[in-house]
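Peer 1: Take a look and give me a structure for this.
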Amino acid sequence: MADQPGARNRLVKLQAQSTVKRPDGAYEGKWIDQVSVWAKINTDSGRAVVRSNAGVTGNLAAAVRYTFRIAFRRSPERGWRVVTSAGQIYTVETVRHDEATREWTDLVCQIGAVDFGS
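Peer 2: As a prediction, this is how the structure comes out:
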């Protein structure tokens, strides 16, 4: 089913890890912009969060997941990150494609990032 007009209303950057050579000859990890895309952002419902925490004991709680729905695109991979215009970083955990109609790709993310370089 197609998104409603204007549903993808947040411009985000997709970034991938890369190793680059510094002027001194050493290598370092960097996040490299791959593309800017329009996305619709969804989060788990309260019920889903409670359900995911049902088996968790103590003070540990399951992380809230966010889904960024973008136009169909094959390139995003697990481990990439999504950066919003406000600078919030989300780590891509799962990529789901609409194989039937090729209208969308969902990037299922967790807030925060594995950061080895800015």
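
Peer 1: What ranges does the chain have for its helices?
Peer 2: 46-53 (DSSP state H).

Peer 1: Need the outlier residue of it, farthest from its centre.
Peer 2: Centroid-distance maximum for the chain: Asp24 at 32.7 Å, with CA atoms, centre = their mean.

Peer 1: and the gap between that residue and Trp31?
Peer 2: To Trp31, Asp24 is 20 Å away according to CB to CB, to the nearest Å. All C-beta atoms are positioned from the backbone trio N, CA, C, and that covers glycine.

Peer 1: try Thr101
Peer 2: 31 Å.

Peer 1: Pairing partners for whichever strand in the chain runs longest, with directions?
Peer 2: Using DSSP state E to define each element, the chain has its longest strand at strand 27-43. Here strand 27-43 has these sheet partners by DSSP bridges: strand 10-21 (antiparallel), strand 65-71 (antiparallel).

Peer 1: Which of those strands has the highest mean neighbour count?
Peer 2: Neighbour counts (mean count of other CB atoms under 10 Å) averaged over each of the strands paired with strand 27-43 peak at strand 65-71, with a mean of 19.
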